[in-house]
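Visitor: whatever this is, show me its structure:
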Amino acid sequence: MSSNALLDGDKRTAADWREELQSSVRTLEQLEKFINLTPEEREGIEQCQGVFNWGISPYYASLMDRDDPGCPIRRQVVPRIEELHDPIGVWDPLREQDHSPVENLIHVYEDRVAFCVSSLCPTFCRFCLRKRMVDTLGCPISEDNFEEGLDYIRRTPAIRDVLLTGGDPLLMEDERIERIVARVHEIPHVELVRIGSRSPCTLPSRITEELCERLARHQPFWINTHFNHPKELTPQAVAACGRIVDHGIPLGNQTVLLKGINDDARILKELGERLVAARVRPYYVYQCQVLQGTHHFRVQIEAGVRMMRDLRGRTSGFAIPQYVLDTPYGKVPLNYQYIRGREGNEVILETFSGKIWREPNPQSS
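Guide: The predicted structure follows:
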């Protein structure tokens, strides 16, 4: 399948996304059909072999700039030698295994769980939090494991929100996805089911009308997807997002702050505004985790806070996601402090422009 064919539009059958997935780029020879590899990229792929998996959907590969190794798409998915030189990275920075009462189910917050139901992904991002378990050749979890997870949710009445994740749950067959969503929704105390998927970005052909129709039957149901750069919001990706929201499924976006890719307020502003235009709500910007092999992606937190401050007052408020650091004990907002303190009965505030405002706010007597 040629890269041009991948951009010709959305007139595909349901079988096409499976065919495309089978044609994932997994060798140097395949990758050279899309880009002119630099010696550093070639060395990175060869040296990372057996350490970090890699694979790219043909669609996503077609978005890479053939001649620019700094291309923000290319940098996200082509292995680099820097991945092998990370002085502080660890394999499980969120200690998910310590929070797993059942294999593949993560319970950090009292009222919600993340349930990893697939280890398959269309594209293997170099900064992937679950490098230890996700692959382009993965498979759904076993039926026994799924039943164990369901049983844990059933006997834990505090759980009201279940996130189906992985891997990418949307790479399972329609029938299996719908069955999983339906069975989770059948549990009386579960109020909300969500799916996390990067398919709208990296494999938009997967977002078929039939899939959306099936998922729309099980409300309330939400999807969070993952775009990191405006270049990813192609007509095909925007159309995929449109199919989801046209079926009444709210769609949010999570971004990872990545050095050399989107660590610029202007890029984040454009990304947020284009997501809103596509009817996708910017949700989180994640600080890149101290994950093995991601040292070259990490931005100083103070720089990230400044970038997010630069967005305030310069674009629509709902186009600005929340900047957070995920920790083993939950997400921590990384915010610029606009409250400067109190003087008597006034609270001193700094506005987005730097001007100071004194808000009358008497203290309780």
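
Visitor: residue 342 bridge partners, please.
Guide: Residue 342 forms beta bridges with residue 347, as assigned by DSSP bridges.

Visitor: what sits against it?
Guide: With contact set as CB atoms under 8 Å, 6 or more residues apart in numbering, residue 342 has these partners: 348, 361, 363. Heads up, the C-betas are built off the backbone N, CA and C, glycines and all.

Visitor: repeat that for 10 Å
Guide: Applying CB atoms under 10 Å, 6 or more residues apart in numbering, one finds that residue 342 lies in contact with 348, 358-359, 361, 363.

Visitor: which pLDDT value belongs to it?
Guide: What the model reports as pLDDT for residue 342 is 94.

Visitor: quick one: low-confidence parts of the chain?
Guide: Per-residue confidence for the chain (pLDDT under 70) gives these ranges: 1-15, 132-140, 365.

Visitor: all helices of the stretch 151-300 of the chain, in order?
Guide: 174-185, 199-202, 209-216, 235-246, 265-277 (DSSP state H, counting those that start in this stretch).

Visitor: give the buried residues for the fourth one.
Guide: Buried residues in helix 235-246, counted by 16 or more other CB atoms under 10 Å: 236-245.

Visitor: what's the span of stretch 177-194 from first residue to last?
Guide: The stretch stretch 177-194 measures 12 Å between its terminal residues, going by CA to CA, to the nearest Å.

Visitor: need the strands for the protein, in chain order.
Guide: Using DSSP state E, the strands of the chain run over residues 105-106, 112-116, 161-165, 192-196, 221-225, 251-257, 281-287, 322-327, 330-333, 339-343, 346-350, 356-360.

Visitor: so which of these is the most packed in?
Guide: When you average the neighbours per residue for each of the strands of the chain (mean count of other CB atoms under 10 Å), strand 112-116 leads with a mean of 24.

Visitor: each with direction, which strands does that one pair with?
Guide: Checking strand 112-116 against DSSP bridges gives partners strand 105-106 (antiparallel), strand 161-165 (parallel).

Visitor: ok, residues contacting the shortest one?
Guide: What that stands for is strand 105-106. Residues outside strand 105-106 that contact it (CB under 10 Å, 6+ apart): 94-100, 112-117, 141, 145-146, 148-150, 152-153, 162-163, 165.

Visitor: and the residue most central in space within the chain, what does it touch?
Guide: Taking CA atoms, centre = their mean as the criterion, residue 226 is the residue nearest the geometric centre of the chain, at 3.5 Å. The contact partners of residue 226, taken as CB under 10 Å, 6+ apart, are 125, 168, 196-202, 232, 252-256, 283-284, 286.

Visitor: distance of it relative to residue 179?
Guide: Distance of residue 226 to residue 179, given as CB to CB, to the nearest Å: 24 Å.

Visitor: over to residue 42?
Guide: According to CB to CB, residue 42 stands 43 Å off from residue 179.
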